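Enquirer: this is the structure alone, sequence omitted:
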């Protein structure tokens, strides 16, 4: 079954509006990563969060990792047309036989109209 | 550096035909992965190889086989293609156990259609 849930599946915003996508894992994660995939392209790594409660910023993008290390969010302030694409979270479990696997959410497809 | 290279980029197969998707990385990574991407389903792991000489099943391994030919190359084989295998296939690599499980680097993808 789906190990990492991501919502919403789709988001349409007007340029300048904010955008947030959320991920929730059924189990505690060792870290969580975020990727962006432009239409017709391949996923590209954005960031990795490791610590409980961690918050990281990249210009207009803010990434958070929950205190329990089970949930995460990506917030984009004042979206631009260049933000269009699908955003994926990917969680990694601590140790064990699944070490090395990334559990991807289904992604949030962001559309921005001018 | 080329990163992760996949061939071919596009392929059309008839039901029942076989083919091998090739993947090579030049970053000296230990871990390599094959994913398929279908609309609304995200990236689903088919097989992965944590290190040279090992392979493990992912979420959707049925109908596929893999070979970790050497540290650089990880191939995916469809023995008897079915329309349900129409998808976009991505190969990815990560440094791996001794260098940390950090970011994954993806290839450009193979767009496969089975008719």
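Expert: Sure, I can see it. Quick caveat, the model's predicted, so the values are computed rather than measured.
Enquirer: contacts only, for residue 17.
Expert: In the absence of a named chain, chain A is used. A:78, A:79 (CB atoms under 8 Å, 6 or more residues apart in numbering or on different chains). C-betas here are computed from N, CA, C, even on glycine.
Enquirer: wrong chain, I was asking about chain B
Expert: By CB under 8 Å, 6+ apart, the contact list for residue B:17 reads B:80, B:81.
Enquirer: which pLDDT value goes with it?
Expert: Note on residue B:17: pLDDT of 97.
Enquirer: that one and chain A, how far apart?
Expert: Between residue B:17 and chain A the computed distance is 25 Å (CB to the nearest CB, to the nearest Å).
Enquirer: which SSE is that residue in?
Expert: Under DSSP states H and E, no helix or strand contains residue B:17.
Enquirer: specify the beta-bridge partners of the residue most central in space within chain B.
Expert: With distances taken as CA atoms, centre = their mean, residue B:34 lies nearest the centre of chain B, 2.7 Å away. Listed by DSSP bridges, the beta-bridge partners for residue B:34 are residue B:47, residue B:91.
Enquirer: surely it touches residue B:90?
Expert: Yes. Using CB atoms under 8 Å, residue B:34 is in contact with residue B:90, at 7.5 Å.
Enquirer: write out the residues of chain B neighbouring chain A.
Expert: B:31, B:33, B:35, B:40-45, B:48, B:50, B:58, B:90, B:92, B:94, B:96-97, B:101-109 (CB under 8 Å from any CB of the partner chain).
Enquirer: can you tell me which of those residues are in strands?
Expert: Among these, DSSP state E puts B:31, B:33, B:35, B:42-45, B:48, B:90, B:92, B:94, B:105-106 in strands.
Enquirer: beta partners for the most centrally placed residue in chain A?
Expert: Centroid-nearest residue in chain A, with CA atoms, centre = their mean: residue A:89, separated by 3.6 Å. Counting by DSSP bridges, residue A:89 is bridged to residue A:34.
Enquirer: and the closest residue to residue B:72 other than its chain neighbours, what is it in contact with?
Expert: Distances taken as CB to CB, 6 or more residues apart in numbering or on different chains put residue B:24 closest to residue B:72, at 5.1 Å, once the chain neighbours are dropped. Shown in contact with residue B:24 (CB under 8 Å, 6+ apart): B:4, B:5, B:72, B:73, B:74.
Enquirer: what's the helix or strand for residue B:24?
Expert: strand B:19-25.
Enquirer: least trustworthy helix or strand in chain A by mean pLDDT?
Expert: Within chain A, no helix or strand scores below strand A:103-104, which has a mean of 92 by mean pLDDT, DSSP states H and E.
Enquirer: what's around the closest residue to residue A:38 other than its chain neighbours, how many residues?
Expert: Leaving aside its chain neighbours, residue A:38 sits nearest to residue A:85 (4.5 Å; criterion: CB to CB, 6+ apart). A total of 21 residues lie near residue A:85 under the criterion other CB atoms under 10 Å in any protein chain shown.
Enquirer: around chain B, which positions in chain A sit nearby?
Expert: So chain A meets chain B at A:6, A:9, A:31, A:33, A:35, A:41-45, A:48, A:88, A:90, A:92, A:99-102, A:104-107 (CB under 8 Å from any CB).
Enquirer: noted, bye for now.
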